[in-house]
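Peer 1: the sequence and its predicted three-dimensional model are supplied below.
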Amino acid sequence: MPTNVVTRFAPSPTGYFHAGSYRTALFSCIYARQNGGKFILRIEDTDKERSKKEYEDNIVDSLQWIGLKYDEFYRQSDRTELYRESIRRLMDSGHAYLSKETPTDAGDRPAGRQNREEVIRFRNPNKKVVFDDMIRGRIEFDTTELGDFVIAKSMDEPVFHLVVVVDDADMGITHIIRGEDHISNTPRQILIFEALGVMPPKYAHIPLLLSGDRSKLSKRHGAVPITEYRSRGYLPEAVVNYLALLGWHPSDDKEIMSFDEIVGAFSLDRVQKSGAIFDEEKLKWFNKQYLNRMSDERFTEAAMPFVPDWLTTGSMLFARLSPIIKEKISCLSDIAGLFAGGGELAFVHAIGPYDPSMLLWKKEPDRSASLRHLNAVRDLISGLSEEGLTADGLKSAIWPYAEANGRGNVLWPLRVALTGQERSPDPFVCAYIIGKEESLKRIDDAISVLG
RNA sequence: GGCCCUAUCGUCUAAUGGUCAGGACAUAGGCUUUUCAAGCCUAGAAUCCGGGUUCGAUUCCCGGUAGGGCUACCA
């Protein structure tokens, strides 16, 4: 059992934080929590041209929304002094040297990049490097083909491999849990650890998250900022749960799990070796599960940004509506469609004009019967006190009549009279939602349309 | 091209030598029913191919194929 586990998530602020980045952070964090260790967030912003504060803010914001807490925060641009010392040490010990560059063809380099005349290179011992990946087992590389790779552009401009190793050593990282795309970076980094005289940490390379075409999830390949899921109305706990199950699976078939349950059940040797496609359909299912389990109070709070302007979440009307809304949607952003034209709850705000023939029950269309039933139901409703006008109260008042005359014959015209729609909640619920006065008014309108 | 990683239903996955290859999402059908959902039930759907090893391979080994990653003075 590892002691004093320290893990880190080390994103570069060169793009929005997406599901792939998030899952990497999640696994690192879970592993630290499980072992009572520390989880560090380290912003790798050594590439000054591509790093943006905006992206750093997005990473922090995303982590916060999703509820992933880190114990320490670092930014590599604040640590250049440390890197300079390390470069110095490596040069003094002969592990690195100042290299005069011969101009090369820069045609295949990203635009705007210029080759320097001098860079600092690592003196590659050209050996075989072997490490035991906690997920994949033994991995072997011959580093000869790597050559003397660059570790800094100048004393003040260290580059990826150097800063990663210096920081991991300095922060006492014991387990590096990162994406599979870093496997081939690992031998270089181990070489630097050795040159620095530091024991390399344990490595665990998790499989990549893939987009629909099975390519690595990236900005230009279907990756969406994780905060976009917030605006699409997903619950953070659903996103956490779903992502934890992408590439990992508990030993039982349990799927709905809280973060703490996941921490309890997690183990690196149950992590999958192959990449996984992110499937929003299944995320929706998870979200619905969490929505269904939510208390009314929490649901009201979560729904607030998504309800139409005329409907306030604190209102009596919303309280009546909320159980219906909850069962009809899979994410909160579906709420708008419910109330929009054609939506099942459009009738709440206003009843639109409808074709009078809709008032006839399809299975037994009979105009005079519909008229008779509507009148009867109208009387039953108007006989109810305002207090008795709950969905249950309405049902017990109308049900015997509906049973006696055919449920469809009675209830269908009532539904259409109340809503002007063919699809709606139960008519008792509809009447309860819009209230006695409005219900009677709409039924009267229907009666006059038919008559 | 070179190096590395991977390979079970459409998707996420279970089963680490012996199971009718299990579950979930999605799909189809059914039940329920006053509509639509939800819910419940049922069905179809997979071990990439070829060699070994073994009494027996999804599982171990080798080869092929396919996919992916890396191959920067990005991270």
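Peer 2: Looks like it came in fine.
Peer 1: CA atoms for contacts and neighbours, from now on please.
Peer 2: Noted.
Peer 1: all the helices of the stretch 1-150 of chain A, in order from the start?
Peer 2: Remark: helices assigned in the stretch 1-150 of chain A by DSSP state H, counting those that start in this stretch are A:19-34, A:53-66, A:80-92.
Peer 1: same for the last one, what does it pack against?
Peer 2: Same thing as helix A:80-92. strand A:96-100, strand A:157-158, helix A:160-170 (3 or more CA pairs under 8 Å, 6 or more residues apart in numbering; DSSP states H and E).
Peer 1: hmm, try it at 10 Å
Peer 2: When contacts are defined as 3 or more CA pairs under 10 Å, 6 or more residues apart in numbering; DSSP states H and E, helix A:80-92 sits against strand A:96-100, strand A:118-122, strand A:150-154, strand A:157-158, helix A:160-170, helix A:186-196.
Peer 1: how far does that helix sit from the chain's center?
Peer 2: In terms of CA atoms, centre = their mean, to the nearest Å, the centre of helix A:80-92 is set 40 Å apart from its chain centre.
Peer 1: report the buried residues of it.
Peer 2: A:80, A:83-84, A:86-88, A:90-91 (16 or more other CA atoms under 10 Å).
Peer 1: closest one to RNA strand B among the helices and strands packed on helix A:80-92?
Peer 2: Closest to RNA strand B of those, according to CA to the nearest atom of the strand: helix A:160-170, at 3.3 Å.
Peer 1: could you pull out the strands for the stretch 101-250 of chain A?
Peer 2: Using DSSP state E, counting those that start in this stretch, the strands found in the stretch 101-250 of chain A span residues A:118-122, A:128-133, A:137-142, A:150-154, A:157-158, A:175-179, A:202-206, A:209-210.
Peer 1: which of those sits most buried?
Peer 2: Of all those, strand A:209-210 has the most neighbours on average by mean count of other CA atoms under 10 Å, namely a mean of 24.
Peer 1: which residues sit in contact with the residue nearest to residue A:29 when sequence neighbours are not counted?
Peer 2: Leaving aside its chain neighbours, residue A:29 sits nearest to residue A:39 (5.7 Å; criterion: CA to CA, 6 or more residues apart in numbering). With contact taken as CA atoms under 10 Å, 6 or more residues apart in numbering, residue A:39 is in contact with A:5-9, A:25, A:28-33, A:68-73, A:173.
Peer 1: the same query, at a cut-off of 7 Å, please.
Peer 2: By CA atoms under 7 Å, 6 or more residues apart in numbering, the residues touching residue A:39 are A:6-8, A:29, A:32, A:70-71.
Peer 1: ok so, going back, redo the strands of the stretch 101-250 of chain A as CSV? Include distance to RNA strand B and mean pLDDT.
Peer 2: Output for these, formatted as CSV (distance: least, CA to the nearest atom of the strand, whole Å; pLDDT from 0 to 100):
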stretch, distance to RNA strand B, mean pLDDT
strand A:118-122, 6, 95
strand A:128-133, 9, 94
strand A:137-142, 4, 93
strand A:150-154, 5, 95
strand A:157-158, 7, 95
strand A:175-179, 8, 97
strand A:202-206, 8, 97
strand A:209-210, 7, 92
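Peer 1: show me what from the stretch 351-451 of chain A comes close to RNA strand B.
Peer 2: Counting by CA under 7 Å from any atom of the strand, the stretch 351-451 of chain A comes close to RNA strand B at A:407-408, A:411-412, A:415, A:422-427.
Peer 1: could you find the closest non-adjacent residue to residue A:180?
Peer 2: residue A:205 (4.8 Å).
Peer 1: okay, now the domains of chain A?
Peer 2: Chain A breaks down by automatic domain parsing into domains covering A:1-293, A:296-349, A:356-450.
Peer 1: can you list the buried residues in stretch A:442-450?
Peer 2: A:442-444, A:446-447, A:450.
Peer 1: re the thing from before, which among the contacts of residue A:39 end up buried?
Peer 2: Buried members of the contacts of residue A:39, scored by 16+ other CA under 10 Å, are A:6-8, A:29, A:32, A:70.
Peer 1: quick check, pLDDT for the residue of the stretch 301-450 of chain A found nearest RNA strand B.
Peer 2: RNA strand B sits closest to residue A:423 of the stretch 301-450 of chain A, with a gap of 3.3 Å, by CA to the nearest atom of the strand. As predicted, residue A:423 sits at a pLDDT of 93.
Peer 1: go on, residue A:103?
Peer 2: So residue A:103 comes in at 62 (pLDDT).
Peer 1: just name the closest of the buried ones among the contacts of residue A:39 to residue A:120, please.
Peer 2: Among the buried ones among the contacts of residue A:39, residue A:8 lies closest to residue A:120 (CA to CA), at 26.8 Å.
Peer 1: if I look at the nearest residue to the closest one once chain neighbours are set aside, how far off is residue A:48?
Peer 2: Counting by CA to CA, 6+ apart, residue A:40 is the residue found nearest to residue A:8 once chain neighbours are left out, at 4.4 Å. Between residue A:40 and residue A:48 the computed distance is 22 Å (CA to CA, to the nearest Å).
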